[in-house]
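Asks: Below are the sequence and a predicted model for it; my questions follow.
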Amino acid sequence: MHGQDRNVHGKIFGGYLTREAFELAWTCAYLHGNMKALPNILNIDDINFWTPVDVGSIMRFTAQITYVEGPIIHVSVACEELLYDM
């Protein structure tokens, strides 16, 4: 991330995390669809920010396909901060 991706409190801007999750979901849908057509995002819902994320944190994004019906693919993305004791 870059300096413009932090908010006034010095935490990572939620829009930056949302964009990262969006790009991962798009890639997951693209790979599931055998790469024949580009995915078309129809809806984004249930975005929850439980705790602020410090700049410099290590994050893990996990994408999972939860539903498929014809050309419709539902992808769920979870993001968690990895905490290490140094």
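Replies: Nice, thanks for sending it over.

Asks: can you map out the strands along the chain?
Replies: 58-69, 72-82 (DSSP state E).

Asks: Can you say which of these is nearest to residue 31?
Replies: Of all those, strand 58-69 sits nearest to residue 31, with 9.5 Å by C-beta to C-beta. To be clear about C-beta, it is placed using only N, CA and C from the backbone, and glycine gets the same treatment.

Asks: For the closest one, which strands pair with it and how are they oriented?
Replies: Note on strand 58-69: by DSSP bridges, its sheet partners are strand 72-82 (antiparallel).

Asks: returning to that earlier point: CSV for the strands of the chain, including distance to residue 36 and mean neighbour count?
Replies: Below are these laid out as CSV (distance: least, C-beta to C-beta, whole Å; neighbours: other C-beta atoms under 10 Å):
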stretch, distance to residue 36, mean neighbour count
strand 58-69, 15, 12
strand 72-82, 13, 14
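
Asks: Any chance of a markdown table for the ones you listed, columns distance to residue 38 and mean pLDDT?
Replies: Listed next are the strands of the chain as a markdown table, based on distance: least, C-beta to C-beta, whole Å; pLDDT from 0 to 100:
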| stretch | distance to residue 38 | mean pLDDT |
| --- | --- | --- |
| strand 58-69 | 17 | 93 |
| strand 72-82 | 12 | 92 |
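
Asks: number of nearby residues for residue 5?
Replies: By the criterion of other C-beta atoms under 10 Å, residue 5 has 14 neighbours.

Asks: one step back: figure out which of the strands of the chain is closest to residue 33.
Replies: Checking the strands of the chain against residue 33 by C-beta to C-beta gives strand 72-82 as the closest, at 6.9 Å.

Asks: mind saving the C-alpha coords of that closest one as CSV?
Replies: Below are the C-alpha coordinates for strand 72-82, written out as CSV (Å, rounded to 0.1, in the frame of the first residue of the first chain):
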residue,chain,number,x,y,z
ILE,A,72,-23.7,-17.3,-11.7
ILE,A,73,-20.8,-17.7,-9.2
HIS,A,74,-20.9,-16.6,-5.6
VAL,A,75,-17.5,-15.9,-4.1
SER,A,76,-16.9,-15.2,-0.4
VAL,A,77,-13.7,-13.4,0.7
ALA,A,78,-12.4,-13.3,4.2
CYS,A,79,-9.6,-11.1,5.4
GLU,A,80,-7.7,-11.5,8.7
GLU,A,81,-4.7,-9.8,10.2
LEU,A,82,-1.9,-12.2,11.1
